[in-house]
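1. pasted the sequence and its predicted model underneath.
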Amino acid sequence: MPPKILSVDDSKTIRVLLGRVFRPFECEMLEAANGEEGLAVAARERPDLIILDYNMPVMDGIAMLQNLRANPELKRTPVIMLTADSSPEKIAIVARLGVRDYIIKPFQDDKLLAKAARLIPLVPRA
């Protein structure tokens, strides 16, 4: 079964870009526009990787991450933060919450793919 990747970002453009980045690989892309939607999708779909924005309305990335880590069924789901905020304080906060990696927007496709490939198998589509 191909891995599921959940993109949680309030920017539709970013979610579309992420879909394009992973399109050449055997994976299923899931989307959510904020942390609240992201938690609901994660609980329902059990993604293998979450790519999570930091700043979002309704529920931000930190609150979503805290909720993920508090959920016994989702707490081990690897998370890559994808955000425009590169302050050391924010990086330290998400690191303490178990984020596996951190990518600054605008991102380079190959760097994102390399980080994702360390966490899930990325098999090219036939």
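-> Okay, I see it.
2. contacts for stretch 38-51, please.
-> Residues from elsewhere that reach stretch 38-51 (Cβ atoms under 8 Å, 6 or more residues apart in numbering): 3-9, 18, 30-32, 52, 59, 64, 67-68, 71, 73-74, 77-80, 82, 112, 116, 119-120. From N, CA and C alone the C-beta is placed, and that goes for glycine too.
3. start to end distance for stretch 8-27?
-> End-to-end distance of stretch 8-27: 16 Å, with Cα to Cα, to the nearest Å as the criterion.
4. ok, and what's touching the helix or strand bottoming out on mean pLDDT in the chain?
-> Taking mean pLDDT, DSSP states H and E as the measure, the chain has helix 88-96 as its least confident helix or strand, at a mean of 83. With Cβ under 8 Å, 6+ apart as the test, helix 88-96 has contacts from Tyr54, Gly61, Ile62, Leu65, Met81, Thr83, Tyr102.
5. now with 7 Å, please.
-> Defining contact as Cβ atoms under 7 Å, 6 or more residues apart in numbering, one finds that helix 88-96 is touched by Tyr54, Ile62, Leu65, Met81, Tyr102.
6. for stretch 54-66, same thing?
-> 8, 10, 34-36, 38-39, 52-53, 79, 81, 83, 85, 90, 93-94, 97, 99.
7. keep only those of those residues that are in strands.
-> Members of the contacts of stretch 54-66 lying in strands (criterion: DSSP state E): Val8, Leu52, Val79, Met81, Thr83.
8. tell me the least confident of the residues you listed?
-> On pLDDT alone, Thr83 ranks lowest of the ones in strands among the contacts of stretch 54-66, at 83.
9. pretty sure that residue contacts Ser11?
-> No - Thr83 lies out of contact with Ser11 (Cβ atoms under 7 Å); the separation is 10.9 Å.
10. okay, these two: which has more neighbours?
-> Neighbours of Thr83 and Ser11, each counted by other Cβ atoms under 10 Å, are more numerous for Thr83; the result is 21 against 13.
11. gap between the two ends of stretch 66-76?
-> The first-to-last residue distance of stretch 66-76 comes to 12 Å (Cα to Cα).
12. now the residue nearest the centre of the chain: how far from Pro72?
-> Nearest to the mean C-alpha position of the chain, counting by Cα atoms, centre = their mean, stands Ile51 at 1.0 Å. Between Ile51 and Pro72 the computed distance is 22 Å (Cβ to Cβ, to the nearest Å).
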